[in-house]
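**Student:** Sequence first, then the predicted structure:
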Amino acid sequence: MRNARFVEDTITLKYGAGGSAMRALIEQVFAPGFGAVEGGIGLPEMDDGAALPLGDGRFLVITTDSHVVSPPFFPGGDIGRLAVCGTVNDLAMMGATEPLALTCAAILEDGLPRADLERIWASIRRACEEAGTTIVTGDTKVMRHGELDRIAIATTGVAIAPRIVSDRGLRPGDRVIVTGTVGDHGLAILATRGELALQTQLVSDVAPINGLVRAALAAGRDRVVAMKDPTRGGLASALHEMADKSGVGIVLDERAVPVRDEVRAAGELLGIDPLLVANEGKAVIGVRPDAADAVLAALRAHPLGGSAAIVGECIAERAGSVIVETGFGRRLLGEAEGELQPRIC
Amino acid sequence: MDSALVQLKFRDPARAAALEHALVAQAKRIGRAPVSIMHVCGSHEQAIAKFGLRAAFPDELDVVMGPGCPVCVTDVPEVDEAVALALAGVRVATYGDMLRVPGTSRSLADARAAGAKVDVVYGVAQAAELARTLAEPLVFFASGFETTAVATAAVLLADPPPNLSILSAHKYIPPVMEIVAEMPGSKIEGFLAAGHAATITGWGVFERFVARHRVPVVVAGFEPLDILAGLVRLVELIADGDVRVENAYPRCVSRDGNREAQARLWRVFEPQGGRWRGIAHVPNGNLRLRDELAAFDARRRFADEIARGLAQLWDHAPPALVAQCQCGDIMAGIASPHDCALFGRECTPDAPVGACMVSTEGTCRIWHQYGGHPDLRQLRRRAS
């Protein structure tokens, strides 16, 4: 891999930030001893999920995701909606847009009001309906007060897919599409946090996008060659990972990246780049150049894809790098490290 | 938030392209390389890195950042004083950027982790508000150049709460430019001065400097077009051998600056000599509270507590990596982050070894944030 960084003796927040430190942790601690899945995708690939060949040409796709978010209720959603969408979207990123079912494990803190739990579960049910799936089994644990921030939810999803789309299929010349505005979720969350308490109109984009991805796959078929959801670490981490695994450079046209005005303004105020923060209802899709327009049109015709845009192009040079064309010059795109700290000074 | 959107009109790429061509043409006129230009402002470096401007600079031009990060040049003993106060049990408020700046052995963040009362505030006004809600004394650890010092002065002149006091690490930019210009081996041929500081001091403050050191100074704003326009003018002056001050930020900066703000500044502060971290002793480079405001000067009010806290600091060994840190040379514009073996490896924003990696205005932090290598002049333009 690109980063020859080593994992330190103590695990700190940066190992959960979705960037290069987290990838190093997986490579050096979690993945060793677990081999590849023959004819499919397993832990060594570090993709959004695993794909197990069923023997009839199809694949069983499985993914798991745990969710903690502070605050658990935020503008545009809550941890329940997030827990469903995270897993449904990870399945979709593998090409599995018809989730069969989810499992759901909840860890609760002693003292959590029942009303909060009911509210979270109502939103889990609603998100399942939107995604066309259901929860079939679960688990409950309660921890002592102070051992957890109110609630953590882990979900696992399974689906059957006729074809797998990995996150490493890019070639020079391929186009990179984002399915909508970038930075909405991350900045909505940051703006709600204590010391800042910004008065903003920012709303999280958390949504199941399996329907949106279904439309893209129907339009592009096997010309859709790579997908990734830009969650933690934002568009920056998703592009880095795709560039790195595919062995290409990605030239990102910064002016083409859709960013809401209020997100851009909040980002400037806080000193946080919207490209570095999480999205929970977006996908980065790599397509062969001849299919880019058809896929873009299909995305834009979908209610969740109205502001989809072609934002980049793959090149043979600088494999693993993401080069930003700013309109003024060029720079490399950095990745988020650790928890993003709003600028104070 | 509207102001952020208004700024967008100073980000017109077509005008930027015209300025970039002009910059190349002016640099060619000089006919030699490298031509070194220094700016002295973290906001300039932020904009240059964020917009990838170095990739558009002509090869002949070397634009380096000097001591333009107030957090970075806060000297170790100043950080130690704040940490000592906190360890001695005095409540300390400061900017988020100052929290992790390492002192001799510890930072304010370390002190907080050890149980000291340390509050993060946006600025001095919020510190004053906080003090009003408290029964105990509150010390505001104040850093920043003259622009920020003016804000501190304004609060001290407007009936501040008696339990508030100031530990001033404020610095004054004009004297340090003299130091950098006089450094042995300095190849700086022109300075890009920071527009926001000049809104206070006025651009006239640089006239004496220019006369003495025979290098041109151009005052510039912070949008990409401001920076490019400022550089074009500066390189033109260098090419013509025309040594003078020019104001390329006239929408905000006047010759005399904001006289009212200057009056407030000098009523509260007096310039004193002192060390800037990694740079040198800078005559008149530190802003300290005048005797008339001794009651609000934490150094005088809590002298015993500071002494007591400082004694505790020696219980902790300084981190071993500090010896390899190149922040001093980087802030003096002699080295770039890539000359430092620790950059991006042992030294990251999460685990900063030197002050330049802590503040969002520090060179190392900025380079790290924007991909570690903002200079992409070697990469060819997109093929399409």
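**Tutor:** Done, it's in. Numbers count the residues shown, from 1 in each chain, chains lettered A, B, ... in the order given.

**Student:** use CA for all of it now, contacts and neighbours both
**Tutor:** OK.

**Student:** what about the strands in chain A?
**Tutor:** Assigned by DSSP state E, chain A shows strands spanning A:50-53, A:59-67, A:73-74, A:77-78, A:99-109, A:135-143, A:151-161, A:175-178, A:224-228, A:249-253, A:284-287, A:309-315, A:322-325, A:330-332.

**Student:** okay, these in CSV with mean neighbour count and mean pLDDT next?
**Tutor:** Converted to CSV, the strands of chain A look like this (neighbours: other CA atoms under 10 Å in any protein chain shown; pLDDT from 0 to 100):
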stretch, mean neighbour count, mean pLDDT
strand A:50-53, 23, 97
strand A:59-67, 20, 95
strand A:73-74, 18, 92
strand A:77-78, 20, 94
strand A:99-109, 19, 97
strand A:135-143, 13, 96
strand A:151-161, 23, 97
strand A:175-178, 26, 98
strand A:224-228, 27, 97
strand A:249-253, 25, 95
strand A:284-287, 28, 98
strand A:309-315, 23, 97
strand A:322-325, 25, 92
strand A:330-332, 28, 87
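
**Student:** Assign the closest residue to chain A within the stretch 101-250 of chain B to helix, strand or coil.
**Tutor:** Per CA to the nearest CA, B:Y122 is where the stretch 101-250 of chain B lies closest to chain A, at 5.4 Å. Assigned with DSSP: H, G, I helix; E, B strand; the rest coil, B:Y122 falls in the coil class.

**Student:** Could you report the neighbour count for it?
**Tutor:** 17 (other CA atoms under 10 Å in any protein chain shown).

**Student:** tell me the contacts of A:L43?
**Tutor:** For A:L43, the contacting residues are A:31, A:34-36, A:50, by CA atoms under 8 Å, 6 or more residues apart in numbering or on different chains.

**Student:** Keep only the residues you listed that also lie close to chain B.
**Tutor:** Checking the contacts of A:L43 against chain B by CA under 8 Å from any CA of the partner chain, not one of them is in range.

**Student:** near chain B, which residues of the stretch 201-345 of chain A?
**Tutor:** Applying CA under 8 Å from any CA, we find that the stretch 201-345 of chain A lies next to chain B at A:251, A:261-262, A:265-266, A:268-269, A:324-338, A:343-345.

**Student:** Work out the gap between stretch A:79-90 and the centre of the chain.
**Tutor:** Averaging C-alpha positions (CA atoms, centre = their mean, to the nearest Å) puts stretch A:79-90 10 Å from its chain's average.

**Student:** that older thread, and the strands of chain A: which comes nearest B:P70?
**Tutor:** Closest of those to B:P70 is strand A:330-332, at 25.2 Å (criterion: CA to CA).

**Student:** Please name the bridge partners of B:H39.
**Tutor:** For B:H39, the beta-bridge partners under DSSP bridges are B:M65, B:L192.

**Student:** So it sits against B:G195, correct?
**Tutor:** No. If you go by CA atoms under 8 Å, B:H39 and B:G195 don't touch, sitting 10.8 Å apart.

**Student:** part of a strand, is B:L310?
**Tutor:** No. Per three-state DSSP, B:L310 lies outside any strand segment and is helix.

**Student:** B:Q126: how many residues sit nearby?
**Tutor:** The local packing of B:Q126 (other CA under 10 Å) involves 15 other residues.

**Student:** Kindly provide the distance from A:R214 to B:A131.
**Tutor:** A:R214 sits 57 Å away from B:A131, going by CA to CA, to the nearest Å.

**Student:** Comparing the two, which residue is more hemmed in?
**Tutor:** Between A:R214 and B:A131, counted using other CA under 10 Å, the more crowded position is B:A131 (23 against 19).

**Student:** Tell me where the model's unsure across the stretch 201-350 of chain B.
**Tutor:** The stretch 201-350 of chain B contains residues with pLDDT under 70 at B:315-319.

**Student:** Could you tell me which residues make contact with the residue nearest in space to the middle of chain B?
**Tutor:** Centroid-nearest residue in chain B, with CA atoms, centre = their mean: B:C69, separated by 2.2 Å. The contact partners of B:C69, taken as CA under 8 Å, 6+ apart, are B:40-42, B:356, B:359, B:361-362.

**Student:** any low-confidence regions in the stretch 1-150 of chain A?
**Tutor:** For the stretch 1-150 of chain A, residues meeting the criterion pLDDT under 70 lie at A:1-5, A:18.
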